[in-house]
Every structure is written in structure tokens, then in C-alpha cells.
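> I would like the atomic coordinates for the input below:
(one chain, ligands or ions: 2)
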Amino acid sequence: MTDQNAQNELRVAIAGLGSIGSKIAAALDQGVEGLTLSAIAVRDPAKHQAFLSGLRRPPQILAIDQLGDAADIVVECAPSSQLRAIVEPAVKRGRAAVVVSVGGLLDNFDLVDLARTNGGRILVPTGALIGLDAVNAAVVGTIHSVKMVTRKPIDGLKGAPFIVENNIDIDNLREPLKLFEGSAREAAKGFPANVNVAVALSLAGIGPDRTQMQVWADPTVTRNVHRIEVEADSARFSMGIENIPSENPKTGMITALSVIALLRKQRATLCVGT
Ligand SMILES: NC(=O)C1=CN([C@@H]2O[C@H](COP(=O)(O)OP(=O)(O)OC[C@H]3O[C@@H](n4cnc5c(N)ncnc54)[C@H](OP(=O)(O)O)[C@@H]3O)[C@@H](O)[C@H]2O)C=CC1
Ligand SMILES: O=C([O-])CC(=O)C(=O)O
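Ligands and ions are numbered 1, 2, ... in the order given. This next block holds a predicted model:
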């Protein structure tokens, strides 16, 4: 373990204290090597007062567009509608932005150029998925196809724009129903709070137009289930993950843990996995 002093520590700010952000804040407050929780942004600070005052070192509360002033790394854990307001000012200041609302990046891809121009970075964690290390490796060669199938319990899909716009009744389903089949880009439009994982997979691999996906509403499952098949010139692999939903039924518990793992790597002496 290193013996970094406080001046060497990377300051981390978090936008959004929902199911993902609150876990990351608590972990940072408990202590992650070389990192300090410096600031947070929330919609309604009063709602989070009890949580914040329970932290050992309560962070500053700032507006979402000011987080980059107080941090080296800004972690976006808010609805995708807020992505630009959080990430743009951070990368303009040359900060790193960790993005969990990955689907929102597709309509804001100029942020990547903005980060490049200003010395900032955009980091996408594996999140609720698995195996992006293998996809990153395979795409150094040639990936022929990536197919993903997502099954979620009814509560995890309620309110998705695709379901609302097509007037699909999922409340009374007794067996699995395939709601959608198409590209990851189209899936992200129809299910913005459900298929960030497919967009992360696509950005790691062959892009949002060539990554194929199905979305199923499945009353027989209690977990968010994702299965992936990759066919490449170096390997063929199948991956699957069955996520226990967090207090937000759309979001798997492992998502916050994946971000914490990514943050740990920023200052870890021993890093394992790409
Ligand atoms: N990459 C991945 O693998 C995954 C990504 N996600 C995505 O991660 C994101 C966060 O998910 P999750 O934590 O479950 O969501 P939650 O709904 O639990 O939390 C969202 C948080 O954002 C806050 N918020 C909303 N608007 C604003 C605003 N204008 N300014 C500041 N804060 C705001 C909310 O505030 P308040 O508490 O006041 O309502 C809430 O604290 C979502 O976009 C989700 O789709 C989810 C699962 C997997
Ligand atoms: O948590 C999950 O299983 C996946 C998810 O919601 C997302 O990708 O947005």
C-alpha cells in the first residue's frame, strides 16, 4: 500500500445521490486509497441531509455544473438528461468524467472531442455488465458480431419510452414478451434507463449501430439478466450476468460496485484486468 498524503489525493465529486451515487459516496467516505470525496450535486439537498450528515467527512454541496471546480474526477450518477450539464464543464476544465448514463453519450458524442481538446477524459465503467475487458481486447483484432439479450422483471421496465409510446401493457404479463429487437443505438432511445449496458458494450466493441440487442419483459425473472455472444477472429465468447436490482428496480446493485472498482484503480499500485 502507498502512503499518500492528503495533498496527493485525487478529489472525487459525485452528481446524483440515488441508488448508484449514494453507494459510491459512502465507499469514498469509508476510505479508498488515494481518493477523497470532495463535492456532490443533488436536485434537492434537503432530501439527502440525513445521509450527508452521517458521512465522516461531509463533502461540499455544489451545482452540477460546478463539480469540476472542486474535483479531479466527476462521477455522473444522475438521469441521462443531466449528462451534458455534468460532463461538459468538467471535461472543459481538463477533468476526468466517469459516466454511468452511457446511453446519453450517444446524443452528446461531441463531449469526447471536447475532452480531447481540453485534456479531459471520459471513463465508462463496465457498470452492470461483464467482460468489457475481453471485448476491448477482441476489437484490437476483428469482431464479426456482438449480440445481447436483456431480460428484466416488469418493475424494472415500467415507464420506458418504448413501452409508453407503443402502448404496451406489461403489467399483466404471464410469460416473457420480446419488446424490442434492433441496434444498441435504437434500444438506448427506447429504454434509456435500462440498456446503458448495451451502449457500454457497443462503445467497447463494434459501435452502437452494429451491436444487436433484444429487450424482454420477463415476469419469470427476479433479476436483471444480460446475455452476450461475441464472435471475433481471436475468440468466440458468451457472457452472462444476473443482477440483483438495487432500491431502484431498473438498476443492478453491481453498478455502483463497478464504479467503485474503477475509482480504486485510479490510484492503485496493483491493477488487475484491462
Ligand atoms: N452503466 C450502467 O451499467 C448502468 C447505468 N445506470 C444509469 O445510471 C444513472 C443513475 O442511476 P440510479 O442511481 O439508479 O438512479 P436514481 O434514480 O436512483 O438516482 C438518480 C439521482 O440523480 C439525481 N438527480 C436528478 N436530477 C438531478 C439534477 N438535475 N441535478 C442533480 N441530481 C439530480 C436524483 O436526485 P433526487 O434523489 O433528488 O431525486 C437522484 O439522486 C441512470 O441514468 C441509470 O439509467 C443504471 C444501471 C446500470
Ligand atoms: O442494471 C442493469 O442491469 C442494467 C441497467 O439498468 C442499464 O444498463 O441501464
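> Residues of the stretch 101-250 of the chain that sit close to ligand 2?
Ala128, Ala193, Asn194, Val195, Asn196, Val197, Asn224, Asn243, Lys250 (Cβ under 6 Å from any ligand atom). Any C-beta I mention is one placed from the backbone N, CA and C, and that applies to glycine too.
> Find the closest residue to ligand 1 in the stretch 1-150 of the chain.
Taking Cβ to the nearest ligand atom, ligand 1 has its nearest neighbour within the stretch 1-150 of the chain at Gly18, 1.7 Å off.
> What's the per-residue pLDDT of that residue here?
You'll see Gly18 listed with a pLDDT of 97.
> got it, and Ala188?
97.
> just Met1 next, same as before
pLDDT for Met1: 34.
> Same check on Ile130?
In the predicted model, Ile130 carries a pLDDT score of 97.
> The stretch 101-250 of the chain: strands as residue ranges?
121-123, 143-152, 177-183, 211-217, 224-232, 236-243 (DSSP state E, counting those that start in this stretch).
> Count residues in the vicinity of Ala137, would you?
15 (other Cβ atoms under 10 Å).
> Next one: the residue nearest the centre of the chain from Gln60, what distance?
By Cα atoms, centre = their mean, the chain has its centre lying nearest to Val100, at 2.3 Å. From Val100 across to Gln60, the span is 21 Å (Cβ to Cβ, to the nearest Å).
> Looks like Asp233 contacts His144 (just checking).
Yes - applying Cβ atoms under 8 Å, one finds Asp233 in contact with His144, separated by 7.2 Å.
> Next, the nearest residue to Gln30 once chain neighbours are set aside: secondary structure please.
Using Cβ to Cβ, 6 or more residues apart in numbering and skipping residues adjacent in sequence, the residue nearest Gln30 is Arg56, 7.9 Å away. With DSSP: H, G, I helix; E, B strand; the rest coil as the basis, Arg56 sits in coil.
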